[in-house]
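Peer 1: sequence and computational prediction follow.
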Amino acid sequence: MPGRILLCRFHDRLHSEVPPRTAAGILVLWVLSLLDYYLTLFQTARGILELNPVLAPFFNNNQYIMALVAKMLLTFPGICILSIYYKRPSAKAALPLVIVVYAVLLVYHLLNLNL
């Protein structure tokens, strides 16, 4: 019976409406993640090394599709957790924090562009 209750609560969370502000934050996070990928792709094609130890082998061996898949697999679980537990104070604090981290990362990319 407790397992069934837990499953019902999880089902309710999956089917609850995410507030527009949270949904917008999650969309921004996806966009920032994709921009990070493309800027990394652009820079690694010009000889700059990828610092992320999970993604570096893919970028360094010109396996760009696998790098994108790995990037999305790294991003997706966190976004799912933030989407499901958006009412919790920790999730409310984490979403803007992660967005700021990605924004700083993108500024770093942009400062290192050698067009």
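Peer 2: Perfect, thanks for sending it.
Peer 1: low-scoring stretches of this protein, by residue?
Peer 2: For the chain, residues meeting the criterion pLDDT under 70 lie at 1-16, 114-115.
Peer 1: ranges for the helices of this protein?
Peer 2: For the chain, the helices defined by DSSP state H cover 2-15, 20-44, 56-60, 64-84, 89-111.
Peer 1: in the fourth one, which residues are buried?
Peer 2: Taking 16 or more other C-beta atoms under 10 Å as the neighbour-count basis, helix 64-84 is seen to contain the buried residues 67-68, 70-71, 75, 79, 82-83. Glycine gets a C-beta too; all of them are placed from N, C-alpha and C.
Peer 1: of all the residues you listed, which two lie farthest apart?
Peer 2: Using C-beta to C-beta, these span at most 24.1 Å, a distance reached by 67 and 83.
Peer 1: from residue 29, how far out is residue 41?
Peer 2: Note on residue 41: its distance to residue 29, by C-beta to C-beta, to the nearest Å, is 19 Å.
Peer 1: equivalent analysis for residue 56, please.
Peer 2: Separation of residue 56 from residue 29 (C-beta to C-beta) stands at 22 Å.
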